[in-house]
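Asks: Let's see this in three dimensions:
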Amino acid sequence: ADIHKVPLDLGPMPKGSYAEVVKGPIRRLDGTTRALKMDDALVDALLADIEAGVAKDALPLLAFTLERLYEEYGATGHLTLDHFNKLGRVKGSIEAAVERAFNAADKDSRIPRDRDARVALLRRGLIPWLAGIDPDTKAPRRRVGRLSEIPPEARPLIDLLVEQRLLSTDVAKDTGETTIEPAHEALLRQWGLLQGWLEEDTGLLTVLDGIKRAARDWAANAKDRSWLSHSADRLRAVDRLLARPDLAANLEPTDRAYVSACQREERSARSRARRVKVVFGALAACIIGLLALAATGVLEPNALKVQARRLADLYAPAVAGLPGPLSAEKEHGLKSGDRFQECWNCPLMVVVPAGVFRMGSDEKDDEKPIHTVTIAAPLAVGRFTITFDEWDGCVAHGGCPARGVAGANFGRGRQPVINVSWNDAQLYVKWISKLTGRTYRLLTEAEWEYVARAGTETQYSFGDDESALEDYAWFSDNSEGHAHPVGEKKPNPFDLYDMHGNVWQWVQDCYVKSYQDAPANGRAVPDKENCFRVLRGSSWDGRAVSLRSARRSGNRPGLRSINVGFRLARTLNP
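Replies: Here you go, the predicted structure:
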């Protein structure tokens, strides 16, 4: 208690200093009865193996390999490159330790004698508890698990790997539980057997991680059904995971409850689709009969067609129990963060509060000057950019063009609609406004930056750290050269997805080269003849710098591109 403690900051060791870690202790033995020599060629080869992966576990892996070298060949008094090669280098050191664990297993009656059975048991004990796949990079990653999670039948074999120092245990300070993890990340890269298992299970491990992420979000949002993100093909992938008891055992009660809720929602969606089909069939029969009357001159054809289309668009979904336009009372009662959907294939909207913010930045000339903008009234904003599912609804009803708007082999469904011009977006706005009887539109540029920033003044809605962009956006570093289904990354503080990246988003304004005379009330820059239109948000092929909240671009309103889409706003009545 009387000793004065002096904390020392041990920063990361420079990579080049690892050679001294090897040579220093050997020099300490010079002139003693335990003198030991080590060839420089061995030191070079050893460090080349250790540093190849630039892993954070290089130092413990170096100690592990040196110990194996000394145990096998230290008695010669001279360690050589040939000794290292006979050992199988670093990879051989790991595999030799596994074999020692298997040999020790012969003395434990709880462990099966058959080697294939032991291998299968080892796989159950390691994956996914201690080894998994990073869902973003698809690279192997080690996990810290609770010892109590490991399947009981695999525990004796896992304990032998701990004895061989391939796995290590600890006690969690917050819970007092015993934890276990791979002692070396290199196990996942250098041990061929484990590496093969991870490659085989990459898809299912990614599905498992996706369930856990989605379940956490669902539970954190009062288990709201709008947070159920697994359906159709994603839900079928969940079924394949559930068919693997060894992997499905990693699902917590909340994860299983989330999956069950998704399955119920999928069944409900199918039931709704069947009801819609029946109702539309009945309506079609009625319309055909009425058109026949029109053909005889009893009814005026054009007026009849207009009324028939409106009847099908508005009332059939209501008869089938699907969403309809908000009543004045419900609209008046909306609060910030509330969500609504006004037809069965209309976009899901989120209510955003009124507010004041500073627009622009000092980064580029067309982002200057920084100026204060007031968004005087709440508005509703699409939670996602418009998808092909939503666009195809407009096409089916004759409101939007099918020709020219293609998916570029990225897929359709929940993929953001692409190859849509500003003019195409206006057709969608006109169609959905007529369908619902409500005022849908593109966001103004000021509104877009306001909802993208979501109360922040940093470069991105989550701060200034570019490394965090992976969690919020699809961009050139992680998109693999294509757009991705909406809503797969984290939302911003206003609960809006893909405000950074995935696809550029058309807004209403004409593009101007500075904000010198920009409106301070959040309205659009007035239309001018032949003006370019503003694009915001960047896309899947954009660099991190282009995803900043203030970044803007402009292009001709007829442009169609594989990285351009749009998002809707909806004016709310006070």
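Asks: switch to C-alpha atoms for all contacts and neighbour counts from now on
Replies: Fine.
Asks: Count the neighbours of residue 203 for me.
Replies: Counted with other C-alpha atoms under 10 Å, residues neighbouring residue 203 total 15.
Asks: What strand or helix carries it?
Replies: helix 192-220 (DSSP states H and E).
Asks: Any buried residues in that helix, and which?
Replies: 194, 197-198, 201-202, 204-212, 214-215, 217-218 (16 or more other C-alpha atoms under 10 Å).
Asks: Read off the pLDDT value for the most centrally placed residue in the chain.
Replies: Geometric centre of the chain, nearest residue: residue 489, 3.7 Å, by C-alpha atoms, centre = their mean. Note on residue 489: pLDDT of 94.
Asks: From residue 215, how far off is the residue nearest to it when sequence neighbours are not counted?
Replies: In this structure, residue 489 finds its nearest non-sequential neighbour in residue 472, 4.9 Å apart by C-alpha to C-alpha, 6 or more residues apart in numbering. Separation of residue 472 from residue 215 (C-alpha to C-alpha, to the nearest Å): 18 Å.
Asks: what about the helices in the stretch 201-350 of the chain?
Replies: Listed in chain order, the helices of the stretch 201-350 of the chain (DSSP state H, counting those that start in this stretch) span residues 232-242, 245-248, 253-295, 301-310, 316-319, 328-332.
Asks: quick one, the first one and helix 192-220 angle?
Replies: Using axes from the mean of the first three to the mean of the last three C-alpha atoms, to 10 degrees, the inter-axis angle of helix 232-242 relative to helix 192-220 is 120 degrees.
Asks: what ranges do the strands span in the stretch 51-200 of the chain?
Replies: Applying DSSP state E, counting those that start in this stretch to the stretch 51-200 of the chain gives strands spanning 78-79, 131-133, 140-142, 145-146, 167-171, 178-182.
Asks: returning to that earlier point: correct me if wrong: the residue nearest to residue 489 contacts residue 491.
Replies: Yes. Between residue 472 and residue 491 there is a contact under C-alpha atoms under 8 Å: 6.8 Å.
Asks: Spit out the residues that contact these two alike.
Replies: residue 498 (C-alpha atoms under 8 Å, 6 or more residues apart in numbering).
Asks: so how many other residues sit close to the nearest residue to residue 326 once chain neighbours are set aside?
Replies: In space, residue 326 comes closest to residue 342 once its chain neighbours are excluded; the distance is 6.5 Å by C-alpha to C-alpha, 6+ apart. Other residues near residue 342 number 20, with proximity taken as other C-alpha under 10 Å.
Asks: wait, residue 342 sits on residue 330?
Replies: No. With contact defined as C-alpha under 8 Å, residue 342 does not count as touching residue 330 (11.8 Å).
Asks: quick one: strands adjacent to the biggest strand by length in the chain?
Replies: Secondary structure of the chain per DSSP state E: the longest strand is strand 504-510. If you go by DSSP bridges, strand 504-510 pairs up with strand 533-536 (antiparallel), strand 564-566 (parallel).
Asks: Check what contacts the shortest one and list those residues.
Replies: Which is strand 564-566. With contact meaning C-alpha under 8 Å, 6+ apart, strand 564-566 is reached by 385-386, 416-421, 425, 442, 503-507, 539.
Asks: for the record, mean pLDDT for the helix or strand that that strand is followed by?
Replies: Reading on from strand 564-566 to the C-terminus, the next helix or strand found by DSSP H and E is strand 568-571. What strand 568-571 shows for mean pLDDT is 96.
Asks: hang on, the earlier thing: next, the residue nearest to the centre of the chain: secondary structure please.
Replies: coil (DSSP: H, G, I helix; E, B strand; the rest coil).
Asks: Offset the numbering so it begins at 34, please.
Replies: Let's use 34 as the start, then, which means that last one is residue 522.
Asks: Contacts only, for it.
Replies: 504, 505, 506, 507, 530, 531.
Asks: C-alpha coordinates for stretch 50-67, PDB please?
Replies: Extracted C-alpha coordinates of stretch 50-67, given in PDB (Å, rounded to 0.1, in the frame of the first residue of the first chain):
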ATOM      1  CA  SER A  50      11.500  -3.900 -33.500                       C
ATOM      2  CA  TYR A  51      10.400  -7.600 -33.500                       C
ATOM      3  CA  ALA A  52      13.900  -8.700 -34.500                       C
ATOM      4  CA  GLU A  53      15.200  -7.400 -31.100                       C
ATOM      5  CA  VAL A  54      12.500  -9.400 -29.300                       C
ATOM      6  CA  VAL A  55      14.100 -12.500 -30.700                       C
ATOM      7  CA  LYS A  56      17.800 -11.600 -30.500                       C
ATOM      8  CA  GLY A  57      17.800  -9.700 -27.200                       C
ATOM      9  CA  PRO A  58      17.100 -12.700 -24.900                       C
ATOM     10  CA  ILE A  59      19.700 -14.800 -26.800                       C
ATOM     11  CA  ARG A  60      22.400 -12.200 -26.200                       C
ATOM     12  CA  ARG A  61      21.600 -12.300 -22.400                       C
ATOM     13  CA  LEU A  62      22.800 -15.900 -22.500                       C
ATOM     14  CA  ASP A  63      26.100 -15.300 -24.100                       C
ATOM     15  CA  GLY A  64      29.000 -16.600 -21.900                       C
ATOM     16  CA  THR A  65      26.700 -18.800 -19.800                       C
ATOM     17  CA  THR A  66      26.200 -22.600 -19.800                       C
ATOM     18  CA  ARG A  67      22.900 -22.000 -21.600                       C
END
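Asks: Can you pull out the residues in contact with stretch 191-201?
Replies: Against stretch 191-201 from outside (C-alpha under 8 Å, 6+ apart): 127, 130-131, 133-134, 137-138, 155, 158, 202, 213-217, 220.
Asks: Of the residues you listed, just say which sits nearest to residue 425.
Replies: Residue 425 lies nearest to residue 158 out of the contacts of stretch 191-201, by C-alpha to C-alpha, at 47.2 Å.
Asks: so how far is residue 286 from the residue nearest to the closest one when sequence neighbours are not counted?
Replies: Of all residues beyond its chain neighbours, the one nearest residue 158 is residue 187 (5.2 Å), with distances taken as C-alpha to C-alpha, 6+ apart. To residue 286, residue 187 is 22 Å away according to C-alpha to C-alpha.
Asks: Comparing those two, which shows the higher neighbour count?
Replies: Taking other C-alpha under 10 Å, residue 187 and residue 286 do not tie; residue 187 has more neighbours (19 against 10).
Asks: who's in contact with that one?
Replies: 154, 155, 157, 158.
Asks: was I right about residue 452 contacting residue 593?
Replies: Yes. Shown here, residue 452 and residue 593 form a contact pair, counting by C-alpha under 8 Å, at 4.3 Å.
Asks: what is in contact with those two at once?
Replies: residue 438.
Asks: Can you flag the buried ones in the contacts of stretch 191-201?
Replies: 127, 130-131, 134, 138, 155, 158, 202, 213-217, 220.
Asks: So which of the residues you listed sit within helices?
Replies: 127, 130, 131, 134, 138, 155, 158, 220 (DSSP state H).
Asks: Among those residues, which pair sits farthest apart?
Replies: The largest separation in these, counting by C-alpha to C-alpha, is between 138 and 220 at 20.1 Å.
Asks: Name the nearest residue to residue 567, sequence neighbours excluded.
Replies: That would be residue 587: by C-alpha to C-alpha, 6+ apart, it lies 4.4 Å from residue 567.
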